[in-house]
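> below are the sequence and a predicted model; questions follow.
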Amino acid sequence: MRFRVKEALTNLLSLTNSIDFFWRRLPNGVYVFNYHRIGKTIDCKFDHAIFSCSTEAFDNHIKILKESFQIINTIELTRLIEQKQIMNNRYALITFDDGYEDNYTNAFPILKKHNVPAIFYVATDFVDSNHIPWWDEIAFLIRQSAGQEYQLIGTNQVYNLAPENINQTIQRIMSAAKQLTTHTIDEVLQDVRMQCFKAHESLHNNQVKLFMTWKQVKQLADQGMEIGSHTISHRILSQLDKQEQSKEIIESKLIIEQQIEKNVNSIAYPVGRYFCYNQASFELSIQAGYQIAFNNEPGRHQDISNPYDINRFCVAHSNFNRVKFECCFTS
């Protein structure tokens with residue numbers, strides 16, 4: 001319901017050109033834009049919601065961002081925070097989570113064309129592998145089980161997997177699974193595998209390559225892009241004990257630095273909602289030597305009191321007016 005209201009308001013403001021009036025008057029500060037996959041969902045059997053926008057739309061996004069902000073990287077942001085200068089201008093950072101191969105094939109050429117820097121957050125277990133992350137596997141298994149029913153582990157909630165609503169149902173299941181306090185996301189995945197066993201068999205009969213290679217990641221770093229940590233396995237940090245968090249946060253930094261032969265300045269918490277990380281995440285990020293860390297909650301920053309809890313606007317639509325709405329009406 002909240003999404004539909006926001007969508008209706010965005011469309012209304014766009015039709016009257018009011019959205020551009022507010023956009024031109026955005027206050028100074030730091031705006032971080034987070035992308036995931038770049039491309040089209042057609043024929044994709046995995047999680048459609050992980051696609052931020054089409055390649056053509058991304059080109060347009062970058063043009064608008066370059067016209068509207070001074071685009072910086074995390075090293076420059078660290079200096080601005082230390083010098084208390086983030087109100088001197090409108091600054092933007094462009095980030096990517098997960099390390100999908102289309103970041104390299106689709107997004108990177110556009111960033112180079114416009115001479116714009118970006119930060120790519122990779123989960124080290126995914127790089128150079130045929131790994132299918134838990135959200136993509138859950139989406140695949142649910143999608144291939146259309147017509148059945150699914151009951152989320154630890155709850156009484158039963159979902160009707162009607163084919164005509166399958167994408168919306170997948171997102172409802174995913175959202176509920178991320179917020180479980182009784183079961184980890186690994187346990188959810190195992191349960192989905194058992195309930196959708198036929199789909200699970202078909203998945204592992206196919207070789208799938210979704211993520212970048214280390215060679216591609218290093219090329220990004222060598223050509224002016226920044227590489228950050230998205231942990232090792234992309235598990236939800238708040239569901240882990242401190243020892244497990246330590247491994248995810250500290251070792252991922254060391255692995256990336258060894259591969260790209262450059263320092264890793266920042267980390268982005270997996271999933272990144274407020275319930276997905278905690279005080280231990282801050283402490284371990286400091287211990288690991290990261291200078292800043294990002295969540296995935298919307299919000300601009302006119303002051304940054306905690307550099308290990310920086311908000312990002314998650315881009316989830318090709319229409320840039322959706323992004324403008326978030327920036328203009330989210331404090």
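On my side now, so go ahead. These numbers come from a predicted model, not from an experiment.
> domain map for the chain?
26-128+211-329, 134-203 (automatic domain parsing).
> low-scoring stretches of this structure, by residue?
For the chain, the stretches with pLDDT under 70 are 1-5, 8, 10, 12, 15, 205-206.
> which element is V188 on?
Take DSSP states H and E as the rule and V188 turns out to sit in helix 185-195.
> circling back: D20: which of the domains of the chain is closest?
Closest to D20 of the domains of the chain is domain 26-128+211-329 (Cβ to Cβ; 7.6 Å). For glycine as for every other residue, the C-beta is placed from the backbone atoms N, C-alpha and C.
> what about that closest one, distance to the chain center?
Offset of domain 26-128+211-329 from its chain centre (Cα atoms, centre = their mean, to the nearest Å): 7 Å.
> hang on, the earlier thing: mind putting the domains of the chain into TSV with distance to K6?
Formatted as TSV, those follow (distance: least, Cβ to Cβ, whole Å):
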stretch	distance to K6
domain 26-128+211-329	7
domain 134-203	15
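> quick one: closest of those domains to T16.
Nearest to T16 among those is domain 26-128+211-329 (11.6 Å), distances taken as Cβ to Cβ.
> residues of stretch 26-46 that come out buried?
Under the neighbour-count criterion of 16 or more other Cβ atoms under 10 Å, stretch 26-46 has 29-40, 44-46 buried.
> check stretch 125-137 too.
Buried-residue list, stretch 125-137, by 16+ other Cβ under 10 Å: 125-128, 131-137.
> show me the contacts for G299.
Shown in contact with G299 (Cβ atoms under 8 Å, 6 or more residues apart in numbering): 311, 313, 330-331.
> would you agree V192 is in contact with Q148?
No - with contact defined as Cβ atoms under 8 Å, V192 does not reach Q148; the gap is 11.5 Å.
> please identify which of those two sits among more neighbours.
V192 (25 against 15; other Cβ atoms under 10 Å).
> ok, that one to D136 distance?
Distance from V192 to D136, counting by Cβ to Cβ, to the nearest Å: 12 Å.
> tell me, what residue is most central in the protein?
Among the residues of the chain, the one closest to the centroid is D97, at 4.1 Å (Cα atoms, centre = their mean).
> is it true that that one lies in a strand?
Yes - per DSSP: H, G, I helix; E, B strand; the rest coil, D97 lies within a strand segment.
> next, count neighbours for the closest residue to it other than its chain neighbours.
Excluding the flanking residues, the one nearest D97 by Cβ to Cβ, 6 or more residues apart in numbering is Y121, at 5.0 Å. When neighbours are counted by other Cβ under 10 Å, Y121 registers 28.
> show me what contacts Y121?
95-99, 227-230, 267-268, 294.
> now, of the contacts of G299, which are buried?
311, 313.
> quick one: the strands in the stretch 201-331 of the chain?
226-229, 266-268, 292-294, 313-314 (DSSP state E, counting those that start in this stretch).
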